[in-house]
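Participant: Predicted model, plus sequence, below.
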Amino acid sequence: MKPMQPVRGTADLMPRQKSQMNIVLEKASLIASRYGFQDMETPIFEFTEVFSRPLGESSDVVAKETYSFEDRGGSSLTLRPEGTASVMRALISNGLTQSLPQKFFYAGPMFRYERPQKGRMRQFHQIGCEYIGSFNPLADAEVIGCAAQFLSELGVLHSCRLHLNSLGDGESRDTDRAALVAFLPHYKNELSSDSQRRLNENPLRILDSKADEDREILKNAPQLLAFLTTQAQQHFEQVTNALDKAGINWQLDINLVRGLDYYSHTAFEFITDELGSQGTVLGGGRYDGLSAMLGGPDIGAVGFAAGVERLALLIEQKQEFTYDIAVVITDDNAASDGFALAQNLRLQGLKTDIPMAPQLGKKLKRASLIGCKLSFIIGENEIKSDTIQVKVMTTGEQKQMEISQALSFAEKFLKHGLEGNLSE
RNA sequence: GCGGGUGUAGCUCAGUUGGUUAGAGCGCCAGUUUGUGGUAUUGGAUGUCGCCGGUUCAAAUCCGGUCACUCGCCCCA
């Protein structure tokens, strides 16, 4: 074993980064609750079939990105590469198909074996909302609305564009695929090598190829929207009408398709151009087929997932950890009194530290280093007179006070900042 | 899985066409200040130059390999 370094694609979430992510997490949970999405959590691994069936054996996620292993009992298990399949499995396992609809919010780590890049890790974190048990287009709109408000309140919506497309229902998909399969082989030799491979595996995904030669050919290719059934068209229209009426901006992206097999109808992504090629910051869509693929009843569902690390990279706000008060103990004889004082302050709800250093000067230095606004200095002299020295760190002002007096001063000072007056 | 870039002190980075004891800023430690921090000033410590091998009288510098990070492709959050 050589390096004391984390496994490739994993990262320690040190306080600075973790606090940044907490902003995202807390905001997501808050906004989701306004839409009725209730917090829940599933295990981070499942039987492999939970993912391999619904996501599609040929999908990149299953084909080459999963962490799968056999446990000691011989079961094939997989670390979850995404949240939706697990949530649906949990709904079925818990017998909730009888009490629909259900609206869930979840957050937690996901695992994909990929080449790491900025905003792309092998262990990363997602938050997501799933609205399960409705075929109504308003459910799509509600999910998108929730996503938009979430991004907006994080302050990142302005730098994102909402891309929208309809994949249609099963019937639309079949006719479209047939048309595409009939069209593309004429150009087989001109397609990029990736797309030639996809021709057999998943022709729909050729649509969002970025290779120039493919784009040229696709200009004349049959388009998804043209093959939507009447019902699928109506569904899409009702979604977009609802978004328009609510003032949520979107743009049609006819090449937006989803890599996972269970998607149908609405597909959407919020894309930013501030993160290089990892621009998709939140994505989702309708997945009416998923429940049946897992052996459940025919249930309509729609949801989204967002990458916590990617969002954390976008938000500017930083929270520095600061203390309110340092209890500075000048000599060992005052140790227990100082400790009791600090403990009391913490019971009052004040963030308090006891600087540990060999000399008084070092203790005060430590106090200002970690951002204490006040120092309460206590030593033998103070104990004799039942007082402490209160020092305002920004100005250096200092005054001897009784402890109760010091407490009420601290309360006032921390609330009103510099208006607190020492000479009062 | 495929391509490009980078790896020098805790951090950000200099380091000439290969040349002797490898540098700066910030940070850290200590003194000026034995019951008073922040500012100032003086001094100090710190490196297997990512790792392994090769070329050479001589390698941080050139070559090969390897590991890590990073940017792109693929795909996605």
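Facilitator: Here it is on my side, so go on.

Participant: Indicate the residue of the stretch 51-200 of chain A located nearest to RNA strand B.
Facilitator: Going by CB to the nearest atom of the strand, RNA strand B is nearest to A:K118 of the stretch 51-200 of chain A, at 2.4 Å. Where C-beta positions appear, they are placed from N, C-alpha and C, glycine not excepted.

Participant: right, and that residue touches A:G276 too?
Facilitator: Yes. With contacts counted by CB atoms under 8 Å, A:K118 reaches A:G276, the gap being 6.2 Å.

Participant: what about the strands in the stretch 151-300 of chain A?
Facilitator: For the stretch 151-300 of chain A, the strands defined by DSSP state E, counting those that start in this stretch occupy A:160-166, A:251-252, A:264-272, A:280-286.

Participant: For RNA strand B, find the nearest of these.
Facilitator: Taking the strands of the stretch 151-300 of chain A one by one with CB to the nearest atom of the strand, strand A:280-286 is closest: 3.5 Å.

Participant: and the closest one with RNA strand B, contact?
Facilitator: Yes. Interface with RNA strand B: strand A:280-286 contributes A:T280, A:V281, A:L282, A:G283 (CB under 7 Å from any atom of the strand).

Participant: how close does the closest residue to A:I271 other than its chain neighbours get to A:C146?
Facilitator: For A:I271, ignoring the flanking residues on the chain, the nearest one in space by CB to CB, 6 or more residues apart in numbering is A:G279 at 4.6 Å. Taking CB to CB, to the nearest Å as the measure, A:G279 falls 21 Å from A:C146.

Participant: higher neighbour count, these two?
Facilitator: A:C146 (23 against 16; other CB atoms under 10 Å).

Participant: so how far is RNA strand B from the residue positioned nearest the centre of chain A?
Facilitator: Geometric centre of chain A, nearest residue: A:V308, 2.9 Å, by CA atoms, centre = their mean. Going from A:V308 to RNA strand B by CB to the nearest atom of the strand, to the nearest Å gives 8 Å.

Participant: isn't that residue right next to A:G128, touching?
Facilitator: No. Counting by CB under 8 Å, A:V308 does not reach A:G128; the two are 10.3 Å apart.

Participant: who in the stretch 251-400 of chain A is up against RNA strand B?
Facilitator: A:257-260, A:269, A:276-283, A:305-307, A:309-310, A:330, A:358, A:360-362, A:364-365, A:367-369, A:377, A:379-382, A:389, A:391, A:393-396, A:398.

Participant: and for A:V308 and A:G128, which residues touch both?
Facilitator: A:A107 (CB atoms under 8 Å, 6 or more residues apart in numbering).

Participant: from the middle of its chain, how far away would the longest helix along chain A be?
Facilitator: Longest helix in chain A by number of residues (criterion: DSSP state H): helix A:15-34. Relative to its parent chain, helix A:15-34 has a centroid offset of 8 Å by CA atoms, centre = their mean, to the nearest Å.

Participant: same check, this time on stretch A:295-315
Facilitator: Stretch A:295-315 has its average C-alpha position 9 Å from the chain's average C-alpha position, going by CA atoms, centre = their mean.

Participant: Please point out which parts of that stretch sit buried.
Facilitator: For stretch A:295-315, the neighbour count (16 or more other CB atoms under 10 Å) marks A:299-314 as buried.

Participant: And for stretch A:26-43?
Facilitator: For stretch A:26-43, by 16+ other CB under 10 Å, it's A:K27, A:A28, A:S29, A:I31, A:A32, A:Y35, A:F37, A:M40, A:T42.

Participant: Tell me where the stretch 1-150 of chain A has helices.
Facilitator: A:15-34, A:48-55, A:60-64, A:84-93, A:137-154 (DSSP state H, counting those that start in this stretch).

Participant: Which one of the ones you listed lies nearest to A:A410?
Facilitator: Closest to A:A410 of the helices of the stretch 1-150 of chain A is helix A:15-34 (CB to CB; 24.8 Å).

Participant: by contact count, what packs against the closest one?
Facilitator: Secondary-structure packing of helix A:15-34 (3 or more CB pairs under 8 Å, 6 or more residues apart in numbering; DSSP states H and E): strand A:38-39, strand A:102-111, strand A:123-132, helix A:137-154, helix A:308-314.

Participant: out of the ones you listed, which comes closest to A:T322?
Facilitator: Closest among the helices and strands packed on helix A:15-34, using CB to CB: helix A:308-314, at 20.5 Å.

Participant: Does that closest one pack against any helices or strands, and if so which?
Facilitator: So helix A:308-314, by 3+ CB pairs under 8 Å, 6+ apart, packs with helix A:15-34, strand A:123-132, strand A:280-286.

Participant: would JSON lines of those with mean pLDDT and distance to A:A242 be doable?
Facilitator: Formatted as JSON lines, the helices and strands packed on helix A:308-314 follow (pLDDT from 0 to 100; distance: least, CB to CB, whole Å):
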{"stretch": "helix A:15-34", "mean pLDDT": "92", "distance to A:A242": "17"}
{"stretch": "strand A:123-132", "mean pLDDT": "95", "distance to A:A242": "14"}
{"stretch": "strand A:280-286", "mean pLDDT": "92", "distance to A:A242": "14"}
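
Participant: so what's A:G338 up against?
Facilitator: A:V327, A:V328, A:I329, A:I354, A:I378.

Participant: Could you identify which of these has the most neighbours?
Facilitator: So for those (other CB under 10 Å), the most neighbours sit at A:V327, 28 neighbours.

Participant: Sticking with that residue, tell me its helix or strand.
Facilitator: Remark: A:V327 resides in strand A:325-329, with elements defined by DSSP states H and E.

Participant: With respect to RNA strand B, which of the buried residues of stretch A:26-43 is nearest?
Facilitator: Checking the buried residues of stretch A:26-43 against RNA strand B with CB to the nearest atom of the strand, the nearest one is A:A28 at 12.3 Å.
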